[in-house]
Every structure is written in C-alpha cells, then in structure tokens.
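Enquirer: need a 3D model of the following:
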Amino acid sequence: MSASESQSTTVGVQTDGPVRIITINRPERRNAVDGPTAQLLYDAFVDADQDPAISVAVLTGADGVFCAGADLKAVATGNGNRVNADPAGEIIGSLGPMGPTRLLLGIPVIAAVEGFAVAGGLELAVWCDLRVAADDAVFGVFCRRWGVPLIDGGTTRLPRLIGQSHAADMILTGREVEASEAQAIGLANRVVPSGQSLEVAVALAHEIAALPQGCLRNDRRSMYEQHGLPLGDALANEVRLGLETIRSGETQAGAQRFAEGAGRHGKPA
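Expert: Next up, the predicted model:
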C-alpha cells in the first residue's frame, strides 16, 4: 500500500496509487461514528474527490467491524451527530449525521464490509456504489430497536438499491441480514471469505481505476441523476453526458485501440 498514509484519532487515510482507502478507526465503539468523526469522514471524502490522482475510494472499518452506526453514547457528552434540515433544500453536499452521506461524489466508492454494518453503518454502506462483504458480515436496521430514525439516506437509498419489498422487511423489522441473503437481494455485490473484504475491494477499485475515467464518471452520473426524472428527461440527460464523453476524445481513442486489436474476445483493453 502506500504512497502516502495519514491517520487522525478516528479516521485513517491511505493512498494506493489511484485508490484512496478511508478507515473508520473507533474499534472500542465498534466504529460507531460521533460528531467529530462524521466531520473527518466528510472531509476525507471531499479531499479524495478533489484529488485528480484519485479515481476510486474504499470505505472500511478497523478491527473486523464496518460500522455500528451513530455513537449514541456521544450524545450525552455533547459530541453527538449533527442533524440539520436545510429550509432552502440545499441538502446535497452538506454534512450528514454520519458524515459523507449527503455527498454525490464524482468518483465511485466501494464499501469493504467486515462484521456489522448496521443502523447508520448500513446507511454508509448503501451510500457507497458497491459493497464487498465478508461471508460473516451482518447488515441491519438495528436502530429500529431504539427509536432512532434512518436519517442518512436509508429510507431513500435502500429501496432504490434492493426494492421496496426487501427494504420494508429490513426497515420495519430491524432484523439481521447475513451476507448470503444480502447478496441474493442485491445489497452485497461480492461475498468473500472473512478477513478478505478490504483486499478484494481494493483490487476491484484498481480494476475500475484502470478503465477510461471520463466515460465511466459520466455514465455513473447519468445513473444517479435519472432518479425522479421523467423518461424523456432522463434519456436526454444520458445523451448530453454521452456527447460530452464523445467530444472529449476518449471514445475515439478507445475505438482506435479496439481497431488495433486490443480487448478482443473479452480480454482487458
């Protein structure tokens, strides 16, 4: 790993070529996120997104746990998570209670999930584009048990990701969802042996980083922006972003590589 590495008290940051690895480092709290940690996570992802050398970020947790959600004990000390509602509706880009959950980054993010990804930790996981889960990982809306609401996109992103029926089962019951079921319903993209989620997520990040980035980012942007748009508007936006990619020269360069024999028969280009 590591061209560069830094660590605050509760958030670790490593750089592995074009991949930025961000680690929640509060193992004594099962990586539950308090207010200061939320700000550090937000800042780490903004920094990764603004770094032209970074193509993909990976989010994980220290010591075999992804994240147990918001740190409810921190509320008593005045270090609890901030919950703000912007009356002007400018919520995208603002600091979320768990940190980066109101950001729509230009780069993709992969969650490497070991152990528990529950409550706000589940919301962090579904904020990511992809999830690589250990075979003993557990997902769940555990905050259902304490009357703590999903306020970091859980009621919005989870139904969009796995469908309303599966999401309702998780949101209304708060039950555990193990890795095998998570993969079956589309919550986990990859399931790997325990202890290997970070390694696999970083390898996947490098695969994505090796692809033509302008096209990848524009297609990803179109995928997210189509939510809530009428079909015609969504298709028009797709064409607009596609033309932006074509005009950049990236498509022509890819076609030239193909014409010269690269990427035939499913081989990497």
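Enquirer: which stretches of the chain aren't confidently modelled?
Expert: Within the chain, the segments meeting pLDDT under 70 span 1-8, 75-76, 78-80, 85-89, 263-269.
Enquirer: where do the helices sit along it?
Expert: Secondary structure of the chain (DSSP state H): helices located at 35-50, 72-75, 120-127, 154-162, 164-173, 179-184, 197-209, 213-225, 231-247, 250-259.
Enquirer: which of the ones you listed is buried the deepest?
Expert: With neighbours defined as mean count of other Cβ atoms under 10 Å, those peak in mean count at helix 120-127, which reaches a mean of 28. All C-beta atoms are positioned from the backbone trio N, CA, C, and that covers glycine.
Enquirer: before we move on, back to that, in TSV: the helices of the chain, plus distance to R82.
Expert: Below are the helices of the chain laid out as TSV (distance: least, Cβ to Cβ, whole Å):
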stretch	distance to R82
helix 35-50	6
helix 72-75	11
helix 120-127	13
helix 154-162	17
helix 164-173	23
helix 179-184	29
helix 197-209	28
helix 213-225	25
helix 231-247	32
helix 250-259	40
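Enquirer: so which of those helices gets nearest V56?
Expert: Closest of the helices of the chain to V56 is helix 197-209, at 4.0 Å (criterion: Cβ to Cβ).
Enquirer: extract the C-alpha trace of that closest one and format it as CSV.
Expert: The C-alpha trace of helix 197-209 is given here as CSV (Å, rounded to 0.1, in the frame of the first residue of the first chain):
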residue,chain,number,x,y,z
SER,A,197,-13.2,-7.8,2.1
LEU,A,198,-10.6,-4.9,2.0
GLU,A,199,-8.2,-6.8,-0.2
VAL,A,200,-10.9,-7.7,-2.7
ALA,A,201,-12.4,-4.2,-2.6
VAL,A,202,-9.0,-2.6,-3.2
ALA,A,203,-8.4,-4.9,-6.1
LEU,A,204,-11.8,-4.1,-7.6
ALA,A,205,-11.1,-0.4,-7.1
HIS,A,206,-7.9,-0.8,-9.1
GLU,A,207,-9.8,-2.6,-11.9
ILE,A,208,-12.3,0.3,-12.0
ALA,A,209,-9.5,2.9,-11.9
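Enquirer: now the angle from it to helix 213-225?
Expert: Calculated by axes from the mean of the first three to the mean of the last three Cα atoms, to 10 degrees, helix 197-209 forms an angle of 110 degrees with helix 213-225.
Enquirer: all strands for the stretch 51-200 of the chain, in order.
Expert: Using DSSP state E, counting those that start in this stretch, the strands of the stretch 51-200 of the chain run over residues 56-61, 109-113, 116-118, 130-134, 138-140, 177-178, 190-192.
Enquirer: can I get the ones you listed in a markdown table including mean neighbour count?
Expert: Shown next, in a markdown table, are these (neighbours: other Cβ atoms under 10 Å):
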| stretch | mean neighbour count |
| --- | --- |
| strand 56-61 | 27 |
| strand 109-113 | 29 |
| strand 116-118 | 27 |
| strand 130-134 | 26 |
| strand 138-140 | 24 |
| strand 177-178 | 20 |
| strand 190-192 | 20 |
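Enquirer: in CSV: those, plus distance to V33.
Expert: Shown next, in CSV, are the strands of the stretch 51-200 of the chain (distance: least, Cβ to Cβ, whole Å):
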stretch, distance to V33
strand 56-61, 10
strand 109-113, 14
strand 116-118, 12
strand 130-134, 18
strand 138-140, 16
strand 177-178, 20
strand 190-192, 24
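Enquirer: thanks a lot, catch you later.
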